[in-house]
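1. Need coordinates for the following:
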Amino acid sequence: MDNQKTVKPKRNHGGKREFTKKFEPKKKLLEEKVISISRVTKVTKGGRSFRFSATMVVGDGKGLVGIGTGKANEVPEAIKKGIQAANKNLVKIPLIDGRTIAHEATGVVGRAKVLIKPAKEGSGIIAGGAVRSVVELAGIKDIVSKSLGSNTQVNVAKATLEALTSIRTPEHIAKLRGLEKEDL
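-> Alright, predicted model coming up:
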């Protein structure tokens with residue numbers, strides 16, 4: 001019902017009402033990817049009850065990216081909640097020439113540690129699994145990464161986002177030091 005615009009129905013004296021206008025929902029601005037879906041079991045006196053947890057990453061491919069987790073009794077509902085949570089946690093990543101990051105960075109979540117480095121033009125995304133998903137949706141085209149420590153997909157994705165948010169542009173660093181960009 002939320003995809004239809006309510007318009008006063010035509011009078012046709014009995015029978016079903018006919019609506020004159022329908023509209024297309026807005027084109028999606030953010031792309032979505034599933035990082036992980038896991039089934040969680042709760043054992044009770046009456047038996048086992050199952051729930052699902054979905055970790056999602058969303059991004060616009062222009063420096064905006066977010067990660068969220070949704071939990072529900074059904075997988076599609078968990079994915080939907082994960083997307084909503086990711087949309088609430090969007091962060092802007094500063095890109096250099098719209099293709100790479102400014103400097104090397106490290107992110108740590110739990111025992112997962114991710115090291116990311118800028119790469120030359122044409123290198124592509126040298127990353128695996130969850131790191132690749134986050135970096136692609138952030139719009140980074142040339143980057144090198146290494147996952148150290150734990151390989152838990154959710155923690156690796158969050159560590160990647162932490163590393164990306166710690167990046168500062170040369171202009172920002174110059175401003176903090178009270179210098180011009182050329183003096184760095």
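2. List the contacts of I79.
-> Residues in contact with I79 (Cβ atoms under 8 Å, 6 or more residues apart in numbering) are V34, I37, A54, M56, G70. The C-beta positions use only the backbone N, C-alpha and C, and glycine is treated the same way.
3. and these, which are buried?
-> Among those, the ones that count as buried by 16 or more other Cβ atoms under 10 Å are A54, M56, G70.
4. pretty sure D183 is touching K175, no?
-> No: under the criterion of Cβ atoms under 8 Å, D183 is not in contact with K175, lying 11.6 Å apart.
5. Nearest spatial neighbour of L137, chain-adjacent residues omitted?
-> In this structure, L137 finds its nearest non-sequential neighbour in G59, 2.8 Å apart by Cβ to Cβ, 6 or more residues apart in numbering.
6. related to what we said a few turns ago, inside strands: which ones of the buried ones among the contacts of I79?
-> When DSSP state E is applied, the buried ones among the contacts of I79 are split such that A54, M56, G70 fall in strands.
7. Any chance of JSON lines for the residues you listed, columns pLDDT and distance to G124?
-> Listed next are those as JSON lines, based on pLDDT from 0 to 100; distance: Cβ to Cβ, whole Å:
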{"residue": "A54", "pLDDT": "97", "distance to G124": "28"}
{"residue": "M56", "pLDDT": "96", "distance to G124": "24"}
{"residue": "G70", "pLDDT": "97", "distance to G124": "31"}
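8. Sketch out the low-pLDDT regions of the chain for me.
-> Under the criterion pLDDT under 70, the flagged ranges of the chain are 1-28, 184.
9. can you do 50?
-> Low-confidence segments of the chain, defined by pLDDT under 50: 20-26.
10. Run through the strands of it in chain order.
-> Under the criterion DSSP E, strands of the chain are mapped to 31-44, 47-59, 64-72, 91-92, 105-109, 112-118, 125-126, 143-149.
11. Mind putting those into a markdown table with distance to S166?
-> Formatted as a markdown table, those follow (distance: least, Cβ to Cβ, whole Å):
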| stretch | distance to S166 |
| --- | --- |
| strand 31-44 | 20 |
| strand 47-59 | 18 |
| strand 64-72 | 14 |
| strand 91-92 | 11 |
| strand 105-109 | 5 |
| strand 112-118 | 10 |
| strand 125-126 | 19 |
| strand 143-149 | 14 |
